[in-house]
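A.B. asks: Below are the sequence and a predicted model; questions follow.
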Amino acid sequence: MQADAKKQSWMYENMFKSRYYEECMEAAYLEGKQPVFNMANGPVPGEMHLSNGQEPCAVGVCAHLDADDAVFATHRPHHIAIAKGVDLKAMTAEIFGKKTGLSGGRGGHMHLFDTKVNFACSGIIAEGMGPAAGVALARKLRNEPGVAVAFIGEGAANQGAFHETMNLAAVWKLPFVCIIEDNAWGISVAKTDATAVPRNDVRAAAYGIPGEYVEGNDPLAIYDAAERAIKRARAGEGPSLIEIETSRLAGHFMGDAEAYRPEGEKDGLFSKDPIPAFRSQLLESGTLDEAALKNIEDAMHAEVDEAFEFARAAAEPEPAEALEKVFA
């Protein structure tokens, strides 16, 4: 079923919000790290993985989910967290290491947890697969509604955790969907150099489940594929696997020189930036007019700006709090 005008508006809203959020985060992250880059400096220390270009993957899937459905994301999580409805102020405060963050500033940007909307992520490759299947199993055993979705990168499909989880999810017919964001690069290793098959959707056949590949980084095509998989999961028919062709417009992490990319590749990716492409599509189809789009963009600017102001003004944790909420 084609996404209706309300859904398409929501999808653009969250794609635009995510992109502006990442732009603001990039600026904040680089504070104190120039002209000589040192990731320990500035108000946001540590690694930073931006998801610019991958926004369609998040909105196309999360448009079908509600707060009871569980989502487990990767080390590149912001677009998915935003589309799942994670509290933006608390998320931003967490990334800034503040007391009012989702985990009191303990986790940072790769370990975001929001139990109100059943969202989590991890910096470990393919780590979200097992926990997502665990939630799906719990829902099935308790006869509770809800599906679990694990987002991974195409490189993570070569991990043992991927294969082990897909096998058990299929054996137990779990309400589980695996989304592979194929941005063609596992850090600095090309997919063609690391993966024996051209597309990971074909691996679904090994588990006796449906596999689908979505080309073009098109949010509406992703929406359609996700609808089929999530409906199947809700109906008790078991898991599905979807690989999405997408693009990573930034480096693997902030500070990545990207010398591994072929000359001209980035220019080609920016020429197909999914956000202006979707904006044009909405205008051409008559789904939204210029005034409606401008209202969305202004509202998203204000929401993100407010979240960053909240995070910057928030209190730092007390040193003694580092010993709280941890296993002894």
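C.D. replies: Received it, and whenever you're ready, just let me know what you need.

A.B. asks: ok, A196 to G286 distance?
C.D. replies: 45 Å (CB to CB, to the nearest Å). All C-beta spots, glycine's among them, are computed from the backbone N, C-alpha and C.

A.B. asks: Please enumerate the helices of the chain.
C.D. replies: According to DSSP state H, the chain carries its helices in the segments 5-30, 55-62, 78-84, 88-95, 129-141, 160-171, 191-194, 219-234, 265-270, 274-285, 290-313.

A.B. asks: Now do the contacts for the residue nearest the centre of the chain.
C.D. replies: Central residue of the chain (CA atoms, centre = their mean): I80, 3.1 Å from the mean position. Contacts of I80 were listed using CB atoms under 8 Å, 6 or more residues apart in numbering, and they are 51, 57-58, 62, 71, 73-74, 119, 121, 151.

A.B. asks: cool, and P319?
C.D. replies: Listed by CB under 8 Å, 6+ apart, P319 has no contact partners.

A.B. asks: Could you export the helices of the chain to TSV, including columns for mean pLDDT and distance to I242?
C.D. replies: Output for the helices of the chain, formatted as TSV (pLDDT from 0 to 100; distance: least, CB to CB, whole Å):
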stretch	mean pLDDT	distance to I242
helix 5-30	98	16
helix 55-62	98	8
helix 78-84	98	14
helix 88-95	98	25
helix 129-141	97	14
helix 160-171	97	12
helix 191-194	94	16
helix 219-234	98	5
helix 265-270	92	21
helix 274-285	97	17
helix 290-313	98	27
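
A.B. asks: a markdown table please, covering those and showing distance to H252.
C.D. replies: Shown next, in a markdown table, are these (distance: least, CB to CB, whole Å):
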| stretch | distance to H252 |
| --- | --- |
| helix 5-30 | 14 |
| helix 55-62 | 17 |
| helix 78-84 | 15 |
| helix 88-95 | 18 |
| helix 129-141 | 20 |
| helix 160-171 | 19 |
| helix 191-194 | 14 |
| helix 219-234 | 22 |
| helix 265-270 | 13 |
| helix 274-285 | 19 |
| helix 290-313 | 24 |
